[in-house]
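A.B. asks: pasting the sequence and the predicted model now:
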Amino acid sequence: MAIVIASVCSGCTSTQVTWVGRLEAPAERSYERVPKGGMYVAGWSDENLKKLNPIEGSRRAASAGDRLGFSRTADGQLLALHNSAEVALGPFPPHARTVVWYAERERKTQFGREMGKAATGTREVVTYIVIGTVVVVAVIVVAILWYQDARDNGIDIFP
């Protein structure tokens, strides 16, 4: 059962990553507007650009339209730029080819949205079944009690 649930739920969401303010290694400065608000983290990647390594202490809340970027000082220090603020992040990572701001968001896939609709429909059906069962059981209990009361009073219902 757990395997079925895990396999169904694994297709319900996807991770969307937004990159902003990319700075390539030899460049001195990069600035870009944020397309979607959220929590952004500065990260670096090496030559293969497959994995982003977050830079500790760089987490920033940014709104859509804010400007995020990076700057490098003459002595090789990396500065995080957020609108007019500058925050020192330490030396430019030695193996880094690229430094970028990124935000990850979970969003429902079409499959996840359809599963939600199906669950809502199933919940309604189950609710009706439970209510119907309660009503039938209540009618049976009342009929049994009525029959016993009639028999106790000497009334023969089924002659």
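C.D. replies: That came through, no problem. As the structure is a prediction and not an experimental result, all values here were calculated from the model.

A.B. asks: and residue 137, helix, strand or coil?
C.D. replies: Under DSSP: H, G, I helix; E, B strand; the rest coil, the three-state class of residue 137 is helix.

A.B. asks: ranges for the helices of the protein?
C.D. replies: Secondary structure of the chain by DSSP state H: the helices cover 2-9, 110-152.

A.B. asks: and the spatially most central residue of the chain, what are its bridge partners?
C.D. replies: Centroid check for the chain by CA atoms, centre = their mean gives residue 106 as the closest residue, at 3.5 Å. Residue 106 forms beta bridges with residue 15, as assigned by DSSP bridges.

A.B. asks: from residue 137, how far off is it?
C.D. replies: Distance, residue 106 to residue 137, using CB to CB, to the nearest Å: 43 Å. Heads up, the C-betas are built off the backbone N, CA and C, glycines and all.

A.B. asks: again with residue 46
C.D. replies: Distance of residue 46 to residue 137, computed by CB to CB: 67 Å.

A.B. asks: quick one: least confident helix or strand in the chain?
C.D. replies: helix 2-9 (a mean of 42; mean pLDDT, DSSP states H and E).
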